[in-house]
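*Asks:* have a look; sequence and predicted model below, questions after that.
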Amino acid sequence: VGKAFLMKETCLYPLPEPQDLFQASQMKFEDFQKDLTKLKKDLRACNTEVEKVCKVSSEDHLQPFKDKMEEFLSQAKSDLEVQEMQLSDTHKLFLELTVFYQVKAKMGEKEVSPNTFFSVWHDFSSDFKDLWKKENKMILQERYQPVLYIFFQQPDVFKIRS
């Protein structure tokens, strides 16, 4: 048992990690919407190709391809609808959050962007984390100072007998 063990940070950081907030600030709802629109377009193209293959295939060669593809396309369509709904709900909640915290859109923005909102929190969390570590270290040093004093001034108290 040494000084390093006694000085180990034991308190959990109470805020989101600055890196997580930075990553959140890089998100753009428009990019997610574009991705979902592209997926929807690709799904329609896939559906069209499946229909073409099914039209030109003989009944002997149609199964299990047709059933498997219908199942796949149905599941993909359902998953895509869920993703679109979740994106819409998330965007709505984000806008409500910006109203709650009274964050205003920057000049030229029609609404508050994740970058505008989370950049403020990233800066705060970074500064807070630095102070948190320093304060936590001071508290631990104060707490273990008497133990360290005894440990280093009276080592025979801590001798292990075999």
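*Replies:* Arrived safely.

*Asks:* any idea how far the most centrally placed residue in the chain is from Phe124?
*Replies:* What sits nearest the mean C-alpha location of the chain, by Cα atoms, centre = their mean, is Asp20, with 6.3 Å. Using Cβ to Cβ, to the nearest Å, Asp20 is found at 13 Å from Phe124. All C-beta spots, glycine's among them, are computed from the backbone N, C-alpha and C.

*Asks:* Pro16 now?
*Replies:* 10 Å.

*Asks:* and the helix of greatest length in the chain, what does it pack against?
*Replies:* For the chain, the helix with the greatest residue count under DSSP state H is helix 114-153. With contacts taken as 3 or more Cβ pairs under 8 Å, 6 or more residues apart in numbering; DSSP states H and E, helix 114-153 sits against helix 3-6, helix 18-25, helix 65-100.

*Asks:* where does this protein have low pLDDT?
*Replies:* 1-10, 155-162 (pLDDT under 70).

*Asks:* returning to what we had before: any idea which of the helices and strands packed on helix 114-153 is most buried?
*Replies:* helix 18-25 (a mean of 16; mean count of other Cβ atoms under 10 Å).
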